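here you go, sequence then predicted model.
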Amino acid sequence: MVLEPILNRIIIRLPSGPLLADSANAIRLLESGDTPYDPVTYVPRQDIKVDLLDNVVQTYCPLKGTASYFDYVDHQVRFEKLAWSYLEPHDFAQEIKGLVAFYADKVIIEEHPV
């Protein structure tokens, strides 16, 4: 697992337009190993511009710990498991504690020069 700061401003929106997050402090997580994963963008919780709803769904990753998932409601449309966070990650993943990642196939993630 490699974390790198993103030097650009990150804007995250729903495809229908609503702004979800705006951050100049995002990081990118790169995972290596037998199963390659796409890089994941994590933003600080204070840069989230909407109220995410706690979802009772959790999953466990032996490397990072327990992930909690979040839903979002926009104009009475519920977007389930739109984002996730490791609230109490294992020691190895403390750098992502409390940061929030959005599913790249459910949102639009843009990078803009700062």
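Looks like it came in fine.

which residues does the most centrally placed residue in the chain form beta bridges with?
A centroid search over the chain (C-alpha atoms, centre = their mean) returns residue 101, at 0.5 Å, as the residue closest to the centre. With DSSP bridges as the criterion, residue 101 is bridged to residue 42, residue 84.

which pLDDT does the model give it?
Residue 101 is assigned a pLDDT of 97 by the prediction.

with residue 32 instead?
In this prediction, residue 32 carries a pLDDT score of 74.

that one: what secondary structure?
coil (DSSP: H, G, I helix; E, B strand; the rest coil).

so it makes contact with residue 39?
No. Using C-beta atoms under 8 Å, residue 32 is not in contact with residue 39; the gap is 11.1 Å. Bear in mind the C-beta positions are built from the backbone N, C-alpha and C, glycine included.

show me the strands in the chain, by range?
For the chain, strands defined by DSSP state E occupy the ranges 2-5, 9-13, 19-23, 27-30, 40-43, 53-61, 65-74, 77-85, 100-102, 108-112.

related to what we said a few turns ago, the more surrounded of residue 32 and residue 39?
Neighbours were counted for residue 32 and for residue 39 using other C-beta atoms under 10 Å; residue 39 has more, 12 against 9.
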